[in-house]
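Enquirer: my questions concern the predicted model and sequence given below.
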Amino acid sequence: MAETDLSTTSRAEEHSQSGTFGHEASLPRVPLPELATSGAKLLEWCAPGVSDADLAQTESALATLRDSAETGERLQDTLHDYDATTGVGSWLDRFWEFRYLARRDRVAGNGNFFLLLPDAATHRTVQPQLDRATQLVEAAVAHKLALDRGTLPVDRHEGEPLSMAQHPYLFGTTRIPGFAEDTVRGPHRADDQTDTPPRHIVVFRRGNIFSVEVIADDGRAHSHAEIAAALRSVVDRGNDTPAAGTKVGALTTRERAQWAASRQGLLAHDEANADALDTVESALLCLCLDDVTPEGPEHACAELMHGQPGNRWFDKSVSLVVFADGSAGINAEMSCVDVATVTSFVDALYDADIDRDTRTEDPAAGHPAAGHSPGHTPTVRAVEFRLDEALRANVRTAAAEFSDHVADVTSRAVRVDDCGSTRIRALGIEPDAFLQLAYQLAHQRSHGRVPATYEPIGMRHYRNGRTAAMRPVTAESVHFVNTMDDQRSSPAARREALRAAAEKHNERIAECHAGGAPEQHLWELQRIARQQGRKMGIYEVPQLYESPGWTTMRADELSVRSTSSPHADYLGSGPADGPGIGAAHVLTPDTVRVHLSAPSRVADELDTLGDEFVRAVAELRELLAGS
């Protein structure tokens with residue numbers, strides 16, 4: 001299977017005639033901002049975090065870029081020409097390749113995110129792990145086949161259709177390490193006549209790897225009983241722990257260039273390793289059967305974030321993780337899929353309306369059959385890598401380095417049971433504004449400052465839309481934080497500051513939804529200058545990108561993600577870049593559940609932040625209730 005070019009390949013175009021993807025061409029394109037507009041917004045967005053002198057320096061650097069026909073105009077014209085290129089869905093198409101695939105640090109515990117799923121009835125069964133795994137795999141395969149048939153319902157927001165272009169990348173997709181930049185393999189293209197669509201998943205058990213067929217030759221899913229029997233075979237055959245240095249999955253925890261060198265070594269050592277890699281990388285998804293029984297949510301989150309390095313393939317787009325007691329979650333690699341797409345998939349796993357009946361469709365019509373394949377025993381095959389001593393040493397080193405990385409990360413799960421979206425809205429405030437302001441107040445109290453904060457805002461109402469980078473720290477939010485901790489301020493003054501900050505937050509979200517966030521636009525101009533500048537007569541990257549406003553705003557001291565999926569207990573990821581804190585919350589009508597992560601050297605500050613967040617939520621709720 002060829003590696004996928006994310007900038008030109010659109011699965012939506014392949015399915016434009018079908019229900020799931022038929023609306024894609026009618027979605028509006030992401031607007032390309034003018035340089036002057038993005039520059040003005042940058043100055044506003046960065047102002048709360050820098051001094052007047054630093055802001056003036058940033059404004060001067062921006063003016064040099066904006067007013068230069070040789071630099072600013074050429075970069076903007078190049079981006080405009082790319083946006084107008086046939087086959088390009090968005091001027092951000094190449095941005096996402098650079099944003100994710102050019103990162104050279106490890107994805108395990110850094111770039112990937114996880115979801116802890118709610119407990120299931122399998123906890124009360126005789127074989128909870130196998131029963132839960134079977135249910136999840138069966139539902140995932142049903143989702144995959146519905147996607148292929150074009151019968152998967154379109155995701156919507158407030159009734160409006162969202163882009164489904166990311167959904168095919170849930171299956172058969174793997175990030176491939178490169179020395180300078182990674183690539184992506186998959187998913188299978190409907191018009192690819194040279195390659196057979198993958199019909200298998202890969203299952204990890206104690207570091208052993210197995211290929212398990214889940215779709216039969218006739219295109220129909222194997223039955224629940226057949227999948228259960230196949231997974232039982234995996235458990236029986238995978239009970240022996242592999243010899244030290246042979247759990248190849250550990251290599252996926254390495255920094256990207258190191259992993260690229262290791263992968264190259266595997267391919268050079270024995271041609272059998274090419275077949276093993278092909279099996280893993282082409283698989284629909286990864287299933288990890290862990291021996292661990294989590295002691296609670298924090299432990300489960302840590303296992304989903306880091307896990308047992310030899311029992312993972314962190315480059316797979318989706319890995320289902322099922323623990324010994326039947327509790328489960330997902331680890332996702334996000335170069336091709338965002339949190340919203342994965343939570344949509346998770347919701348579908350619990351959706352009783354997924355078409356799992358025994359009806360079939362005419363294969364001649366070009367659609368896979370819908371029902372279960374009758375009586376076809378799934379193929380279960382061990383996936384074996386051939387290693388010499390140098391490669392085994394490589395695996396051992398990878399596992400040891402990742403253990404050190406895991407030891408350097410601390411995390412905490414925080415739950416507030418009496419303040420969900422229903423109660424927050426009843427207080428006359430939008431939940432996202434309420435929680436972001438609680439984060440800022442808590443960080444001020446635990447760290448002594450309002451943090452440079454990143455929050456992704458959904459953009460899937462646009463063609464090929466993903467997320468916009470929002471910076472929720474505003475002049476109004478800083479004033480609110482200061483007012484809350486000013487002993488001289490009255491409750492009325494605090495409420496006024498809170499509501500003004502919330503209103504500004506909502507305005508900024510609206511800016512992002514309208515395609516007006518400045519950061520990705522300016523970052524894309526920087527990428528063009530670096531990669532194509534010499535051909536354009538631009539020999540230096542503009543000074544804007546070294547200015548205090550640009551660097552300070554993007555410091556990511558706090559990175560916040562969220563979901564309101566009813567089928568997620570916790571959402572989380574590793575720390576933000578550098579010493580920053582990764583924060584993610586699941587907001588339900590009745591609760592907010594937060595996962596925090598940071599380097600271990602600031603563990604005490606992280607604990608304090610968690611406590612202060614709970615305190616801040618209570619204070620804001622009480623303040624608004626008194627109005």
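Expert: Received it, and whenever you're ready, just let me know what you need.
Enquirer: helices or strands next to whichever strand or helix holds residue 504 in the packing?
Expert: Using DSSP states H and E, the element containing residue 504 is helix 491-513. Applying 3 or more C-beta pairs under 8 Å, 6 or more residues apart in numbering; DSSP states H and E, we find helix 491-513 packed against helix 431-447, strand 453-458, strand 467-470, helix 475-484, helix 603-625. Glycine gets a C-beta too; all of them are placed from N, C-alpha and C.
Enquirer: domain parsing for the protein?
Expert: 31-89+518-554, 98-407, 411-516+555-627 (automatic domain parsing).
Enquirer: among these, show the one with the smallest mean pLDDT.
Expert: When the domains of the chain are compared on mean pLDDT, domain 98-407 scores lowest, with a mean of 90.
Enquirer: could you tell me the end-to-end distance of that domain?
Expert: 29 Å (C-alpha to C-alpha, to the nearest Å).
Enquirer: quick one: residues in contact with the helix holding residue 504.
Expert: 41, 429-430, 432-434, 436-437, 457-459, 461, 468, 470-472, 474-477, 479-480, 483-484, 489, 517, 620, 623-624, 626-627 (C-beta atoms under 8 Å, 6 or more residues apart in numbering).
Enquirer: check stretch 573-584 too.
Expert: 109-114, 305, 409, 439, 443, 451, 454, 555-563, 570-572, 594-599, 601-602, 606, 609.
Enquirer: all strands of the stretch 151-300 of the chain, in order?
Expert: 156-157, 160-161, 174-176, 183-185, 200-205, 208-213, 286-289 (DSSP state E, counting those that start in this stretch).
Enquirer: who does the fourth one touch, helix- and strand-wise?
Expert: Using 3+ C-beta pairs under 8 Å, 6+ apart as the contact definition, the elements that strand 183-185 packs against are strand 3-4, strand 174-176.
Enquirer: neighbouring strands - and their directions - for that strand?
Expert: Strand 183-185 has the following sheet partners, assigned by DSSP bridges: strand 3-4 (antiparallel), strand 174-176 (antiparallel).
Enquirer: mean confidence score for the shortest one?
Expert: What it means is strand 3-4. Rounded mean pLDDT across strand 3-4 is 44.
Enquirer: neighbours around the closest residue to residue 609 other than its chain neighbours, how many?
Expert: Leaving aside its sequence neighbours, residue 609 sits nearest to residue 446 (C-beta to C-beta, 6 or more residues apart in numbering; 4.3 Å). The number of residues packed near residue 446 is 22, by other C-beta atoms under 10 Å.
Enquirer: tell me how many other residues crowd the nearest residue to residue 343 once chain neighbours are set aside.
Expert: Nearest non-adjacent residue to residue 343, counting by C-beta to C-beta, 6+ apart: residue 565, 4.1 Å away. Number of residues near residue 565 (other C-beta under 10 Å) recorded here: 23.
Enquirer: contacts only, for residue 565.
Expert: So residue 565 contacts 115, 343, 346-347, 586 (C-beta under 8 Å, 6+ apart).
Enquirer: need the three-state assignment for it.
Expert: coil (DSSP: H, G, I helix; E, B strand; the rest coil).
Enquirer: again with the one 10 residues further on
Expert: The three-state label given to residue 575 by three-state DSSP is coil.
Enquirer: if I look at it, how far off is residue 25?
Expert: According to C-beta to C-beta, to the nearest Å, residue 575 stands 40 Å off from residue 25.
Enquirer: same check on residue 213?
Expert: 35 Å.
Enquirer: those two: who's more crowded?
Expert: residue 213 (21 against 12).
Enquirer: distance of the most far-flung residue of the chain relative to its centre relative to residue 494?
Expert: Each residue of the chain has a distance to the centre, and by C-alpha atoms, centre = their mean the biggest one is for residue 488: 43.1 Å. Distance, residue 488 to residue 494, using C-beta to C-beta: 11 Å.
Enquirer: equivalent analysis for residue 457, please.
Expert: Counting by C-beta to C-beta - residue 457 and residue 494 are separated by 27 Å.
Enquirer: so between those two, which is more surrounded?
Expert: residue 494 (21 against 17).
Enquirer: can you report how many residues neighbour residue 406?
Expert: Residue 406 has 18 nearby residues by other C-beta under 10 Å.
Enquirer: wouldn't it be in contact with residue 106 here?
Expert: No - between residue 406 and residue 106 there is no contact under C-beta atoms under 8 Å: 11.0 Å.
Enquirer: surely residue 226 is in contact with residue 378?
Expert: Yes - counting by C-beta under 8 Å, residue 226 does reach residue 378; the two are 5.4 Å apart.
Enquirer: confirm that residue 301 sits in a strand.
Expert: No - under three-state DSSP, residue 301 falls outside any strand and is assigned helix.
Enquirer: okay, now it: neighbour count?
Expert: 26.
Enquirer: tell me who's in contact with it.
Expert: Residue 301 touches 114, 116, 411, 413, 570, 572, 595, counting by C-beta under 8 Å, 6+ apart.
Enquirer: 10 Å instead, please
Expert: The contact partners of residue 301, taken as C-beta atoms under 10 Å, 6 or more residues apart in numbering, are 114-116, 294, 329, 411-413, 569-572, 584, 595-597.
Enquirer: now do residue 343 against residue 208, distance only.
Expert: 30 Å.
Enquirer: same question, residue 529
Expert: In terms of C-beta to C-beta, residue 529 sits 48 Å off from residue 208.
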